[in-house]
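S.K.: turn this into a model:
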Amino acid sequence: MRHFKLTIAYDGTDFHGWQMQSNKPTIQGEIVGVLRRVTEENVQLYGAGRTDAGVHALGQVASFRTQSGLSAQEFQRALNALLPSTIRIVAAEEVGPDFHARWSAVGKIYRYRLYRGRVVPPCVYRYVLHYPFPLDEDAMRIAASRYVGPHDFAAFAASTGSEDDDRERSTVREIFSSELVRSEDGQELVYTVKGRSFLRYMVRKMVGTLLEVGRGKMAPDDILRLYELRDRSMSGPTVPPQGLCMVEVLHDEPWRI
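M.R.: Residues are numbered from 1 along each chain as shown. You can find the predicted model right below:
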C-alpha cells in the first residue's frame with residue numbers, strides 16, 4: 001500500500017464545503033470521484049480540516065492510500081485534468097505510512113479579508129466581505145492580540161446541535177498569532193490567525209467580534225470576558241464565509257520518505 005499527500009487550492013463558492021454529501025457538490029467529493037476513477041479502487045480521502053460552504057483554500061491538505069502504480073506527479077496531472085477548474089492540486093507527493101492529513105497536522109493558518117473601498121471590484125467580490133463603513137482599526141488590532149494564547153473559545157464556536165455533545169467537548173484552543181493589517185493597496189483589512197486547531201465557525205466569530213470592537217459596540221478587553229462567559233450569544237456575529245480562506249496547514253516532517 002502506498003501513501004500520498006495532496007496540497008489543494010479551491011474556490012469554495014460553488015461547493016457545499018469540503019466534506020462529502022449525497023447529491024451535493026463538495027471539494028472532497030469531487031476529488032474522491034476522480035481518484036476512484038483513475039485507480040479503480042474505493043479510495044478514501046482524509047482532509048486536514050473541514051471548510052464550510054463558500055470558504056476557500058490555498059493550502060488545504062489531504063491524504064489517501066492506494067495500490068496504484070501511478071507516481072505523485074501522474075496523480076497531480078490526472079486530477080488537474082479531470083477536476084473542475086475551481087479545484088487545483090498544487091502539489092502531490094508520496095509520503096510514509098505514518099502521515100495523516102488531519103492527525104499529523106500541528107497548526108493551521110486562516111485569513112479573512114474585509115474590503116473597505118466604496119465599490120468592490122468584480123474580480124474580488126467572491127473572496128471578501130464588503131464593509132465600507134467607519135471602523136476603529138486601532139482598537140481592532142488590540143482586540144486581535146487578545147486572541148493569542150490558550151483560551152476557552154466556547155463563546156466563538158458553533159453548537160454541535162447536541163446539548164450533551166456541547167457540554168462534553170473541549171473548547172480550549174491555542175492561538176499562536178493573530179494580526180490585523182491593511183493590504184498594500186490600502187483597500188482591504190486582512191486578518192490572519194495561526195493556531196493549532198479551530199472549532200467550527202470559530203474564525204468567522206472571531207472576525208465578527210473584531211467588527212463589533214471596530215464599531216465601538218465592544219472594547220478589546222471584552223474578549224477576555226467572553227472566555228469566562230462561554231456564551232455564544234455574547235460574542236460578535238458569524239461573518240459570511242466568502243472572506244475566509246485556509247491559507248496553509250502545518251505538519252511535522254518525519255513522515256517524509
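S.K.: how far away is residue 227 from residue 18?
M.R.: 28 Å (Cβ to Cβ, to the nearest Å). From N, CA and C alone the C-beta is placed, and that goes for glycine too.
S.K.: where along the stretch 51-200 of the chain do the strands fall?
M.R.: 56-66, 87-95, 105-115, 129-130, 149-152, 172-182, 188-195 (DSSP state E, counting those that start in this stretch).
S.K.: turn these into JSON lines, including mean pLDDT and mean neighbour count.
M.R.: Shown next, in JSON lines, are these (pLDDT from 0 to 100; neighbours: other Cβ atoms under 10 Å):
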{"stretch": "strand 56-66", "mean pLDDT": "98", "mean neighbour count": "22"}
{"stretch": "strand 87-95", "mean pLDDT": "98", "mean neighbour count": "18"}
{"stretch": "strand 105-115", "mean pLDDT": "97", "mean neighbour count": "20"}
{"stretch": "strand 129-130", "mean pLDDT": "98", "mean neighbour count": "19"}
{"stretch": "strand 149-152", "mean pLDDT": "98", "mean neighbour count": "15"}
{"stretch": "strand 172-182", "mean pLDDT": "98", "mean neighbour count": "16"}
{"stretch": "strand 188-195", "mean pLDDT": "98", "mean neighbour count": "21"}
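S.K.: in TSV: these, plus distance to residue 29.
M.R.: As requested, the strands of the stretch 51-200 of the chain are exported to TSV (distance: least, Cβ to Cβ, whole Å):
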stretch	distance to residue 29
strand 56-66	12
strand 87-95	11
strand 105-115	21
strand 129-130	27
strand 149-152	34
strand 172-182	28
strand 188-195	27
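S.K.: quick one on the thing from earlier: of residue 227 and residue 18, which one has the most company?
M.R.: Legend: neighbour count by other Cβ atoms under 10 Å for residue 227 and residue 18, higher for residue 18 (27 against 18).
S.K.: burial count for residue 233?
M.R.: Burial of residue 233 is recorded as 6 neighbouring residues (other Cβ under 10 Å).
S.K.: please apply the same query to the one 5 residues further on.
M.R.: Residue 238 sits with 20 neighbouring residues when counted by other Cβ under 10 Å.
S.K.: SS state for it?
M.R.: coil (DSSP: H, G, I helix; E, B strand; the rest coil).
S.K.: tell me the pLDDT of it.
M.R.: The model reports residue 238 with a pLDDT of 97.
S.K.: try residue 255
M.R.: Model confidence at residue 255, given as pLDDT, is 47.
S.K.: residue 99 too?
M.R.: 95.
S.K.: go ahead and confirm it touches residue 65.
M.R.: No: contact criterion Cβ atoms under 8 Å: residue 99 and residue 65 do not qualify, at 10.2 Å.
S.K.: one step back: out of the strands of the stretch 51-200 of the chain, which comes closest to residue 49?
M.R.: When the strands of the stretch 51-200 of the chain are compared by Cβ to Cβ, strand 105-115 sits nearest residue 49, at 6.2 Å.
S.K.: now for the closest one, which elements pack on it?
M.R.: strand 129-130, strand 188-195, helix 202-214, strand 244-251 (3 or more Cβ pairs under 8 Å, 6 or more residues apart in numbering; DSSP states H and E).
S.K.: which residues do residue 99 and residue 65 both contact?
M.R.: Listed contacts common to residue 99 and residue 65 are residue 3; contacts here mean Cβ atoms under 8 Å, 6 or more residues apart in numbering.
S.K.: how far does stretch 43-59 stretch from start to finish?
M.R.: One end of stretch 43-59 sits 21 Å from the other (Cα to Cα, to the nearest Å).
S.K.: what residue of this structure is the furthest out?
M.R.: residue 69 (32.0 Å; Cα atoms, centre = their mean).
S.K.: quick check on that residue: phi, psi?
M.R.: Phi and psi for residue 69, reported as degrees, to the nearest 10, are phi -90, psi 0.
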